[in-house]
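Enquirer: Just the structure for this:
(one chain, ligands or ions: 2)
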Amino acid sequence: MFRLPVSKIDDLFGTIASSRTLYLPVDGNDGRAKYDKWSEGTKMSDKLNTVRSAKSFFFPQTTNICDFNVNGANVEVVDIREESEDFVVFGVRACDARSFTILDKVFLAEPVDSYYATRREHGTVVTMACSEPEENCFCNVFGIDAAAPEGDATCWIADGYLYITSNNEKGEKFVESISALLEETDDSAVKAQQETIHGIVEKLPFGKVSTDHFRKNTLLEIFNSEKWEKLSESCLGCGTCTFVCPTCQCYDIKDFDTGHGIKRYRTWDSCMYADFTKMAHGNSRNAQMQRFRQRFMHKLVYFPDNNNGEFGCVGCGRCLSRCPISMNIIKVIKEFGEE
Ligand code: SF4
Ligand code: SF4
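Expert: Ligands and ions are numbered 1, 2, ... in the order given. Here you go, the predicted structure:
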């Protein structure tokens with residue numbers, strides 16, 4: 001375990017940014033936290049979490065995946081991929097850190113998504129323990145420890161110091177790169193803070209929500225439940241929940257004619273949209289109930305069924321704060337839990 005005084009945090013950021021691009025949470029003009037590139041004078045936000053998750057560092061909202069030069073009947077595919085630069089994402093919370101594990105299972109499974117894999121390879125994730133988890137947080141329901149986030153290296157801020165430890169080889173290299181600023185120390189201050197965090201988590205309103213129903217019952221039983229009608233009846237299909245969600249990974253591929261050629265883009269999409277996966281014959285999910293059911297079945301049934309029981313939600317609480325009709329995954333879990 002290493003530490004440096006919080007008063008030297010700007011030196012830390014300057015050292016990191018001298019060799020790589022550094023991104024960290026900052027307060028936006030609307031007062032809400034968002035990730036931004038660090039430059040001299042940038043201050044890290046002390047808010048618990050960013051409005052949008054950290055997934056866009058590895059799975060951006062829009063990616064130009066290739067170009068086509070079209071000349072009459074001749075079409076040339078242009079590989080526009082460039083070697084990515086190394087970057088550090090600093091201050092990632094425990095929920096978002098676990099979301100990368102979930103996204104890895106999707107994008108790094110065969111066939112490997114080379115765009116995602118390259119970004120994962122070049123990105124170092126430095127997490128920050130949540131000193132004060134908030135009422136919408138329920139990461140512990142999915143076995144995530146807000147006091148000991150995953151990532152390549154983990155930080156805690158306690159007693160005027162920033163504590164840091166590495167979790168893997170990439171994290172060791174990161175800590176080595178800033179070692180001139182660090183002093184070695186024991187973990188007593190971190191342990192004390194972890195105890196406090198666990199005490200807060202213990203009292204969170206959704207911390208004890210049970211997901212047992214989704215383990216005990218069959219896929220078809222849950223799929224055919226009448227509860228989906230009632231749960232989905234007010235859903236606007238706006239897709240906000242999917243866009244703020246760190247684990248949602250649906251995308252569409254679109255071609256754009258620039259007048260000089262074609263650019264092919266990958267863009268985030270939402271299974272809540274009426275035209276999602278619409279094909280020539282129509283849409284396999286015609287009603288909002290079906291689309292709504294798909295989103296939650298994926299996170300609570302299909303994904304765990306295919307990934308050794310790991311749920312596709314990390315309890316970040318973003319859908320709880322952002323849905324315009326106050327519908328969210330906690331309401332779905334509770335509705336089924338009451339059966
Ligand atoms: S659940 Fe809420 S946020 Fe999600 S699509 Fe429906 S209305 Fe929008
Ligand atoms: S479903 Fe909601 S709580 Fe779960 S990871 Fe997505 S946004 Fe966060």
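
Enquirer: Where does the stretch 101-250 of the chain get nearest to ligand 2, residue-wise?
Expert: C245 (3.3 Å; CB to the nearest ligand atom). Bear in mind the C-beta positions are built from the backbone N, C-alpha and C, glycine included.

Enquirer: Surely that residue touches R318?
Expert: Yes: counting by CB atoms under 8 Å, C245 does reach R318; the two are 6.4 Å apart.

Enquirer: Give the residues shared as contacts by those two.
Expert: S53 (CB atoms under 8 Å, 6 or more residues apart in numbering).

Enquirer: quick one, what contacts the residue of the stretch 101-250 of the chain closest to ligand 2?
Expert: C245 neighbours (CB under 8 Å, 6+ apart): 53, 316, 318-319.

Enquirer: how about a cut-off of 10 Å?
Expert: 52-53, 55, 99, 270, 295, 299, 312-314, 316, 318-319, 322, 329 (CB atoms under 10 Å, 6 or more residues apart in numbering).

Enquirer: those helices in the chain, which residues are they?
Expert: Ranges of helices in the chain, per DSSP state H, are 9-19, 94-107, 114-122, 169-177, 188-202, 212-216, 219-223, 227-232, 240-244, 288-297, 303-306, 318-322, 329-337.

Enquirer: Tell me where the model's unsure across this protein.
Expert: 338-339 (pLDDT under 70).

Enquirer: So which bits of it are right by ligand 1?
Expert: Contacts of the chain with ligand 1, taken as CB under 6 Å from any ligand atom, map to 235-241, 272, 323-325, 327.

Enquirer: Buried among the residues you listed? Make that a ChimeraX selection.
Expert: Restricted to buried positions by 16 or more other CB atoms under 10 Å, the ChimeraX selection for the residues of the chain next to ligand 1 reads:
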select :235,239,240,241,272,323,327
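
Enquirer: Closest to D152 out of the residues of the chain next to ligand 1?
Expert: C241 (28.6 Å; CB to CB).

Enquirer: Excluding chain neighbours, give the residue nearest to that closest one in space.
Expert: Excluding the flanking residues, the one nearest C241 by CB to CB, 6 or more residues apart in numbering is C319, at 4.1 Å.

Enquirer: hmm, back to that, please work out which of the helices of the chain is packed deepest.
Expert: helix 94-107 (a mean of 22; mean count of other CB atoms under 10 Å).

Enquirer: Does anything pack onto that one? Which helices or strands?
Expert: With contacts taken as 3 or more CB pairs under 10 Å, 6 or more residues apart in numbering; DSSP states H and E, helix 94-107 sits against strand 87-92, helix 114-122, strand 123-128, helix 303-306.

Enquirer: Is any residue of it near ligand 2?
Expert: No: judged by CB under 6 Å from any ligand atom, helix 94-107 stays clear of ligand 2, getting no closer than 6.7 Å.

Enquirer: Output that helix as PDB - backbone C-alpha positions only.
Expert: Once non-C-alpha atoms are left out, helix 94-107 reads as follows in PDB (Å, rounded to 0.1, in the frame of the first residue of the first chain):
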ATOM      1  CA  ALA A  94     -16.800  -0.100  -7.900                       C
ATOM      2  CA  CYS A  95     -20.000  -0.600 -10.000                       C
ATOM      3  CA  ASP A  96     -18.500   0.700 -13.200                       C
ATOM      4  CA  ALA A  97     -15.400  -1.300 -12.600                       C
ATOM      5  CA  ARG A  98     -17.400  -4.500 -12.500                       C
ATOM      6  CA  SER A  99     -19.300  -3.400 -15.600                       C
ATOM      7  CA  PHE A 100     -16.100  -3.900 -17.500                       C
ATOM      8  CA  THR A 101     -16.000  -7.500 -16.500                       C
ATOM      9  CA  ILE A 102     -19.500  -7.900 -17.800                       C
ATOM     10  CA  LEU A 103     -18.700  -6.100 -21.100                       C
ATOM     11  CA  ASP A 104     -15.500  -8.200 -21.400                       C
ATOM     12  CA  LYS A 105     -17.700 -11.300 -21.400                       C
ATOM     13  CA  VAL A 106     -19.600 -10.000 -24.400                       C
ATOM     14  CA  PHE A 107     -16.900  -8.200 -26.500                       C
END
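
Enquirer: Figure out how far that helix is from the centre of its chain.
Expert: Put simply, helix 94-107 sits 7 Å off its chain's centre (CA atoms, centre = their mean, to the nearest Å).
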